[in-house]
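1. Predicted model follows, preceded by the sequence.
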Amino acid sequence: MAHSPTDVARLAAGDAARAARVLDEVRDATLSGQPGPLGPRPVIGESWGRMLRDGVDPDHDFRAGLLDRDEIERRRRQSPLRHVLPVLREGLLSVADITRHIMVVADGEGRVLWREGSRPVLHRADGFGFELGAHWGENVVGTNGIGTPTVVRRPVQVFAAEHFVRTHATWTCTGAPITDPRDGRLIGVVDVSGPWETMHPSTLAWVDSVAKLAEARLRERHLAALDRLRSVAAPVLARITGRALVVDRDGWTAAVTGMPHLDRVALPAAPGTDRIWLPSLGLCSVEPLSDGRLVRAPDGRRAPSDATRIELDVSRPRHWSVTVADGAGTWTHELSPRHTELLYLLALHRTGRSAAALADDLFGDPARTVTVRAEMSRVRRYLGAVLDHRPYRFRETAEVRTVLPDNPLDLLPYSTAPGVVRSRLTGSASGPVEPDRADHRPG
């Protein structure tokens, strides 16, 4: 009897051995192009497709070189994840040890930085290279609970033969991504792994809830840092006439004077000059301040020149950005997954999209305009000078260029937005979808 993916999940809860056998048949049939008892789950099937395109060998284990101890320690010191290790340990380790699992914490690249839990399971993990400093990116070792969540940006459970590489089919792993609340950047993955016999469907919700708790703790730390910066900013701003604000190094506002409050300004990562163009304020002077920057805004806001050039870079997994250049200079802003989808769709549809059309592109539901308007309001905080609305679109005078991945199927692989999926599957990402007005070309 053929099983649906949901049936297999239920089967694993009551009969893990039978589920493992079924998934082994699914894997063999799928990779050989033959019909099987069922197809792989969508998240697994899409990952297998990426592995085949990347040339990962499904039958032979490949191990990238381990990081040396000094490099591991350097990455640990620089990782925000070090601040939430107590949260992860408290939420995962006690149960993991009892259920013969280990907790693994990797950085955004998929390098294992911390690893704790059941000693016998740790020893077993050593046997296939699941060690400190190992590279568990999906394009290196195939579908797994660290590499796959970094690509799709959501929690993933990989059970037995759902692993692309055959030697990992004795394992089950469940990973959830952790993002930096300051900028939405992926900073790592927390994973709970063990022998496939220990698999339980509820592990996915458990690991995801602990990852969200860790993100909440990081958010609390950020708010506390803004409070400290605010105490430094108060006497500085008291001596200033005109418009000014004090922001942290990520552009989040601690205090303002002479102007309405802004949640955040799109500061370049390294300004390199004391005068920069900020899309929400104009040509500003920027001065270093303890743990932040003092930004002095002009009294009148100058519009960017007509020669504005916009480059949307979606060519690399997890590293999406928009760069704006005009006569005042160039600045780059890293994008969250949702804002990447929105700007990609606007680059694809140069004549513009209504809120209802964007809702249909994003969710397959044109009624979800409230969500679209809220997200576009956030986008306009840093791109307002080069975006129009009613409909939403890039300014007609702007030159818009989109840098795409070499393979159209690698376009925003995490995204399930119907408009992006259509573009990915039809290959229209490399050309216009609106023949009357489109300026969308591959980089």
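-> Great, that's in hand.

2. Next, count neighbours for residue 34.
-> 9 (other Cβ atoms under 10 Å). Any C-beta I mention is one placed from the backbone N, CA and C, and that applies to glycine too.

3. for it, helix, strand, or coil?
-> Recorded secondary structure, residue 34: coil (DSSP: H, G, I helix; E, B strand; the rest coil).

4. Name the helix or strand for the spatially closest residue to it that is not a sequence neighbour, please.
-> With Cβ to Cβ, 6 or more residues apart in numbering as the criterion, residue 34 has its nearest non-adjacent residue at 7.9 Å, and that residue is residue 28. Taking DSSP states H and E as the criterion, residue 28 maps to helix 16-32.

5. try residue 129
-> Here residue 129 is assigned to no helix or strand, by DSSP H and E.

6. can you check residue 37 too?
-> Taking DSSP H and E as the definition, one finds residue 37 inside no helix or strand.

7. what about it, distance to residue 100?
-> For residue 37, the distance to residue 100 equals 28 Å [Cβ to Cβ, to the nearest Å].

8. go on, residue 188?
-> For residue 188 relative to residue 100 (Cβ to Cβ), the value is 24 Å.

9. likewise residue 127?
-> Distance, residue 127 to residue 100, using Cβ to Cβ: 15 Å.

10. who's more crowded, these two?
-> Comparing residue 127 with residue 100 by other Cβ under 10 Å, the one with more neighbours is residue 100, at 15 against 11.

11. Tell me if I am right that the more buried one is in a strand.
-> No: according to three-state DSSP, the state of residue 100 is coil, so it is not within a strand.

12. hang on, the earlier thing: the helix holding residue 28 packs against which elements?
-> When contacts are defined as 3 or more Cβ pairs under 8 Å, 6 or more residues apart in numbering; DSSP states H and E, helix 16-32 sits against helix 5-14, helix 42-54, strand 156-159.

13. in it, what's buried?
-> Within helix 16-32, the residues that count as buried by 16 or more other Cβ atoms under 10 Å are 16, 19, 20, 22, 23, 24, 26, 27, 29, 30, 31.

14. pull the CA atoms of stretch 139-155 into CSV?
-> Output of stretch 139-155 as CSV, limited to C-alpha atoms (Å, rounded to 0.1, in the frame of the first residue of the first chain):
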residue,chain,number,x,y,z
ASN,A,139,26.1,21.3,-0.5
VAL,A,140,28.9,19.5,1.3
VAL,A,141,27.2,16.5,3.0
GLY,A,142,23.7,16.5,1.5
THR,A,143,20.3,16.8,3.1
ASN,A,144,20.7,17.1,6.9
GLY,A,145,19.3,18.8,9.9
ILE,A,146,21.9,21.6,9.9
GLY,A,147,22.5,22.3,6.2
THR,A,148,18.9,22.1,5.0
PRO,A,149,17.5,24.5,7.6
THR,A,150,20.1,27.1,6.6
VAL,A,151,18.9,26.9,3.0
VAL,A,152,15.1,26.8,3.5
ARG,A,153,15.2,29.1,6.6
ARG,A,154,12.7,27.0,8.6
PRO,A,155,12.9,24.0,11.0
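
15. Show me which positions of that stretch end up buried.
-> Buried positions in stretch 139-155, judged by neighbour count with 16+ other Cβ under 10 Å: 139-153, 155.

16. Just give me the neighbour total for the spatially closest residue to residue 290 that is not a sequence neighbour.
-> Leaving aside its sequence neighbours, residue 290 sits nearest to residue 232 (Cβ to Cβ, 6+ apart; 5.3 Å). For residue 232, the neighbour count with other Cβ under 10 Å is 17.

17. After the helix or strand in which residue 232 is found, which helix or strand is next?
-> For residue 232, the host element (DSSP H and E) is helix 203-238. Heading C-terminal from helix 203-238, the first helix or strand you meet, by DSSP H and E, is strand 243-248.

18. State the mean pLDDT of that next one.
-> On average, the pLDDT along strand 243-248 is 93.

19. Could you export whichever helix or strand comes after it as CSV, CA atoms only?
-> With elements assigned by DSSP H and E, the helix or strand that comes after strand 243-248 is strand 253-257. Extracted as CSV, the C-alpha positions of strand 253-257 are listed here (Å, rounded to 0.1, in the frame of the first residue of the first chain):
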residue,chain,number,x,y,z
THR,A,253,17.6,54.2,16.9
ALA,A,254,18.4,54.9,20.6
ALA,A,255,17.3,58.6,20.7
VAL,A,256,16.4,61.5,18.3
THR,A,257,16.2,65.3,18.5
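
20. As PDB, could you dump the C-alpha coordinates of stretch 110-119?
-> Only the C-alpha atoms of stretch 110-119 are listed here, as PDB (Å, rounded to 0.1, in the frame of the first residue of the first chain):
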ATOM      1  CA  GLY A 110      27.100  25.100   8.800                       C
ATOM      2  CA  ARG A 111      30.300  24.700  10.800                       C
ATOM      3  CA  VAL A 112      29.800  22.800  14.100                       C
ATOM      4  CA  LEU A 113      30.900  25.100  16.900                       C
ATOM      5  CA  TRP A 114      29.400  23.300  20.000                       C
ATOM      6  CA  ARG A 115      28.400  19.700  20.500                       C
ATOM      7  CA  GLU A 116      27.100  18.200  23.800                       C
ATOM      8  CA  GLY A 117      24.900  15.300  25.000                       C
ATOM      9  CA  SER A 118      25.000  11.500  25.300                       C
ATOM     10  CA  ARG A 119      28.600  10.200  25.200                       C
END
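
21. May I see the buried residues of that stretch?
-> For stretch 110-119, by 16+ other Cβ under 10 Å, it's 110, 111, 112, 113, 114, 115, 116, 117, 118.
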